[in-house]
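Novice: sequence? don't have it. structure:
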């Protein structure tokens, strides 16, 4: 395992930092898309969120909407997949991979997750979303394999 | 980018460690609040969780409760916002910011998320919760901007 | 606080890397279990996911299933607990604990979360799941206490 003093000025670590930040920002964007659909579809989760009508009128806007729920599932899927990428990717970046191999992992993962969101929200016909999910999943496993091969200490 | 050897004894990294730990502990507290409301409102998600009555009686306690769902939404909102803060904040702490600037980011985020939970669970009238959410969101974006400016490597 | 240059070749950090990766992989496995139950129970969340029948027929498979929802709750509980473990554990591994103490924390947490999943999916009678959740929770708090004792900087 290479030393972190070198890695922090190192291109692998900088590449990790760049792609991890981009993909976390993409995940944060889902909150805004949810808010947009809640307002447009007039489908809210909390009585205090309804921006129009008196309280007796507000109740009918406390409902679920298929598009809002779709965005929320997409957001949760991001959490379920981007959290392992962030964690395993950080440990991977510290395990001293080749720059070209690391860039390949980070770029494919970021691309796959952006495609996943597009496929979920459009929605595109399957297996578009399924494949983009699987690609990100396999990339994360590949990094985990490298991490465990380098650092295993049970 | 400063060296990690210096940063680990460094005040910026120690400040990050402190606020990240505090805000993760706050998020963990939501599990206990959920459990408290589930028991108090007698609203459970799994048949084996119902602590009273025979199995034929247990079914009526398998229900959703508006207060339990409110706590769960608050917990999920924490996950959606504290995960990016933890990740981007870690990379930000390694990107060599000024101590005073970093402390400002960490303190405002931690304060905003604590206010968000209070506003969600009370509940306070809007835009209390919306503003506290937005403040934490903007702080995370501001850190991401600094990270990408320092480390960008595509 | 020990230096990261030493820690990266250090047994504590390698132990953290190993157990964090294992437990993130376990969390990722929940996606596959969810997909398995969705197909087996024919209970899907999106119209485009239904792999059989024409679109007018597909609607009856857009339903919730108690087993699918159970796996999803288990997955969400993983997110709520493994995210704080990953974050606080990383900071803990950098705070210079004894190797034997650190291994004890990591092993108990990993074991408790694996038991938690088994108890949730079987399902085992309570307090099996509750105890395994509580053990992981206490381990994370114990690490957070050490982190704050070492690094506190408000």
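Specialist: That came in fine, so what should we check first? The structure displayed is predicted, hence computed values, not measured ones. Numbering: from 1, shown residues only, chains lettered A, B, ... in the order given.

Novice: chain A against chain B: which residues are in contact?
Specialist: Residues of chain A lying near chain B by Cβ under 8 Å from any Cβ of the partner chain: A:4-5, A:8-9, A:11, A:14-15, A:17-18, A:20-22, A:24-25, A:27-28, A:30-31, A:45-46, A:48-49, A:51, A:75-76, A:79, A:82-83, A:86, A:90. All C-beta spots, glycine's among them, are computed from the backbone N, C-alpha and C.

Novice: in contact with residue A:89, which residues?
Specialist: For residue A:89, the contact set (Cβ atoms under 8 Å, 6 or more residues apart in numbering or on different chains) comprises A:16, A:19-20, A:105-106, A:109, A:140, A:143.

Novice: in helices, which of those appear?
Specialist: A:16, A:19-20, A:105-106, A:109, A:140, A:143 (DSSP state H).

Novice: right, and out of those, which lies closest to chain C?
Specialist: Proximity of those to chain C, judged by Cβ to the nearest Cβ, is greatest for residue A:140, which lies at 6.8 Å.

Novice: tally of neighbours for the closest one?
Specialist: Neighbours of residue A:140 under the rule other Cβ atoms under 10 Å in any protein chain shown: 24.

Novice: quick check, it in contact with residue A:82.
Specialist: No. With contact defined as Cβ atoms under 8 Å, residue A:140 does not count as touching residue A:82 (9.5 Å).

Novice: what's residue A:44 sitting at in phi/psi?
Specialist: Main-chain dihedrals, residue A:44, degrees, to the nearest 10: phi -120, psi 160.

Novice: quick one: it from chain C, how far?
Specialist: Residue A:44 is 21 Å from chain C, where distance means Cβ to the nearest Cβ, to the nearest Å.

Novice: how many other residues sit next to that residue?
Specialist: Other residues near residue A:44 come to 19 when the count uses other Cβ under 10 Å.

Novice: just residue A:100 next, same as before
Specialist: As a burial measure, residue A:100 scores 8 neighbours (other Cβ under 10 Å).

Novice: where does it sit, in terms of helix or strand?
Specialist: Secondary structure from DSSP states H and E places residue A:100 in helix A:99-121.

Novice: again, but for residue A:9
Specialist: Counting by DSSP H and E, residue A:9 is found in no helix or strand.

Novice: residues of chain A that sit close to chain C?
Specialist: Taking Cβ under 8 Å from any Cβ as the contact definition, chain A meets chain C at A:1-5, A:70, A:73, A:76, A:79-81, A:83-84, A:87-88, A:90-91, A:94-95, A:123-126, A:129, A:133, A:137, A:140-141, A:144, A:147-148, A:151-154.

Novice: make a ChimeraX selection of the buried ones in these.
Specialist: Burial among those is assessed by 16 or more other Cβ atoms under 10 Å in any protein chain shown; the matching ChimeraX selection reads:
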select /A:2,3,4,5,70,76,79,80,81,83,84,87,88,90,91,94,95,123,129,133,137,140,144,147,148,151,153
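
Novice: which of the residues of chain A next to chain C fall in helices?
Specialist: Those of the residues of chain A next to chain C lying in helices (DSSP H): A:4-5, A:70, A:73, A:76, A:79-81, A:83-84, A:87-88, A:90-91, A:129, A:133, A:137, A:140-141, A:144, A:147-148, A:151.
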